[in-house]
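>>> build me a structure from this.
(one chain, ligands or ions: 1)
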Amino acid sequence: MNNHRRHRPRKRFGQNFLHDPTLISRMVKAIRPRPGDPLVEIGPGEGALTLPLLRAAGRLTAVELDRDLVAPLQARARTAGELTVHQADALRFDFRQLAPAPPARLRVVGNLPYNISTPLLFHLLESADVIQDMHFTLQKEVVERLAAPPGSKTYGRLSVMVQYRCAVTNLFRLPPGAFRPPPKVDSAFVRLVPHAEPTVDVGDEQAFARLVTQAFSQRRKTLRNTLRPLMSADTIIGVGIDPRERAENLSLEQFAALSQAHTRTKRNASRDTP
Ligand SMILES: C[S@@+](CC[C@H](N)C(=O)[O-])C[C@H]1O[C@@H](n2cnc3c(N)ncnc32)[C@H](O)[C@@H]1O
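Take a look at the predicted model:
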């Protein structure tokens, strides 16, 4: 691939480098980079995805934590296009600073370090309004949770919070052999497209987040029990939901209805406080 000395993959940075050319080109095809696209890559590593994306789009901004990878990557990318690398922790990185002038929005990609994938997804959702789409390689189980419908075994807090913000498409599986070193788990490639407008009205978004966390805090318990600290069984019945139901069977619309009730209760409580 190059004349540079091979970097020894670091476990603590979740480094599993893609090396299967067929799968890499399948991923790039699914991303469909176009000239001038405002691409942002999280964790470019040795550039397996960076270089083909850069050749197609002409420019790319990357956020990479491992400082030892930055200079070799820049050297490798020299003839491919205009690469900007921020040596930074993506979990603390302000992606808004990269947002192009509206109506253009960022296209985020990455073969994410699995140890931080869930907090990273939540961090990115905070900037969803400046993001056009996201394509990620993640642990297969995480992708299944992202895409899970109500009533399925994998449906949980992550499914509800991500589906509130994005349309989720599980694109294809990547076997451990696609990476160096091979991870112990299967992976999958996923597309997340933030909704232009929320598809449901949740009232106060912080109250919604709290409600969903609380509802899934004990999966096997009924809403009457899990939501007791937030609302009464009568309030649950008031929005047309059976309090004997469990969170894992509620649709996004039903969570939204509960969240609105919770928001109203909170507002009334603060109004009544002298
Ligand atoms: C699974 S590897 C993928 C590398 C490359 N994109 C590939 O597919 O071959 C994850 C990459 O994310 C980087 N990384 C790990 N933690 C990070 C963080 N908090 N912020 C930014 N990059 C991080 C690692 O150094 C590594 O380059």
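
>>> surely residue 179 is in contact with residue 23?
No: the criterion here is Cβ atoms under 8 Å, and residue 179 misses it with residue 23 at 9.5 Å. (Each C-beta comes from the backbone N, C-alpha and C, glycine too.)

>>> the residue of the chain found nearest the ligand: how many residues sit nearby?
Residue nearest to the ligand within the chain: residue 43 (2.1 Å; Cβ to the nearest ligand atom). Other residues within reach of residue 43, judged by other Cβ atoms under 10 Å, total 24.

>>> quickly find the element holding the nearest residue to it once chain neighbours are set aside.
Once flanking residues are discounted, residue 43 sits nearest to residue 110: 5.4 Å by Cβ to Cβ, 6 or more residues apart in numbering. With secondary structure defined by DSSP states H and E, residue 110 is part of strand 106-111.

>>> tell me the residues of the stretch 1-150 of the chain that contact the ligand?
Counting by Cβ under 6 Å from any ligand atom, the stretch 1-150 of the chain comes close to the ligand at 13-18, 42-46, 48-49, 63-66, 69, 89-91, 111, 113, 116.

>>> can you say which of those residues are buried?
Neighbour-count burial (16 or more other Cβ atoms under 10 Å) is assigned, among those, to 13-18, 42-46, 48-49, 63-66, 69, 90, 111, 113, 116.

>>> wait, residue 258 sits on residue 238?
No: using Cβ under 8 Å, residue 258 is not in contact with residue 238, being 9.9 Å away.

>>> have a look at those two and say which one is more surrounded.
residue 258 (28 against 14).

>>> what strand or helix carries that one?
Using DSSP H and E, the element containing residue 258 is helix 252-272.

>>> what is that helix packed up against?
Helix 252-272 is packed against helix 157-165, helix 205-215, helix 233-238, with contacts defined by 3 or more Cβ pairs under 8 Å, 6 or more residues apart in numbering; DSSP states H and E.

>>> that one versus helix 205-215: what angle between them?
Counting by axes from the mean of the first three to the mean of the last three Cα atoms, to 10 degrees, helix 252-272 lies at 110 degrees to helix 205-215.

>>> what mean pLDDT does the strand holding residue 110 have?
For strand 106-111, the mean pLDDT works out to 98.

>>> may I have the strands that pair with that strand, each with its orientation?
Under the criterion DSSP bridges, strand 106-111 sits next to strand 39-42 (parallel), strand 131-139 (parallel) in its sheet.

>>> which stretch among those is buried most, on average?
Ranked by mean neighbour count, these are led by strand 39-42 with a mean of 24 (mean count of other Cβ atoms under 10 Å).

>>> what residues sit buried inside the helix or strand that it is followed by?
Using DSSP H and E, the helix or strand that follows strand 39-42 towards the C-terminus is helix 50-57. Using 16+ other Cβ under 10 Å as the test for burial, helix 50-57 gives 50-54, 56-57.

>>> show me what helix 50-57 is packed against.
Here helix 50-57 is seen to pack against helix 21-31, strand 39-42, strand 59-64, helix 67-77, strand 82-87 when contacts are counted using 3+ Cβ pairs under 8 Å, 6+ apart.

>>> quick one: it to chain centroid distance?
On the basis of Cα atoms, centre = their mean, to the nearest Å, helix 50-57 sits 22 Å off its chain's mean C-alpha point.

>>> between helix 67-77 and that helix, find me the angle.
40 degrees.

>>> state the mean pLDDT of stretch 175-190.
96.

>>> what residues does that stretch touch?
For stretch 175-190, contacts defined as Cβ atoms under 8 Å, 6 or more residues apart in numbering pick out 9, 16-20, 23, 26-27, 30, 114, 135-141, 143-144, 146-147, 168-174.

>>> which SSE is the residue most central in space within the chain in?
The centroid of the chain falls nearest to residue 121 when counting by Cα atoms, centre = their mean (3.1 Å). Using DSSP H and E, residue 121 maps to helix 117-125.

>>> buried residues of that helix, list them for me.
117-118, 120-121, 123-125.

>>> over to stretch 224-231?
For stretch 224-231, burial by neighbour count (16+ other Cβ under 10 Å) applies to 224, 226-227, 230-231.

>>> possible to save the buried residues of helix 50-57 as TSV with distance to residue 262 and pLDDT?
Shown next, in TSV, are those (distance: Cβ to Cβ, whole Å; pLDDT from 0 to 100):
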residue	distance to residue 262	pLDDT
50	44	98
51	48	98
52	46	98
53	42	98
54	46	98
56	46	98
57	43	98
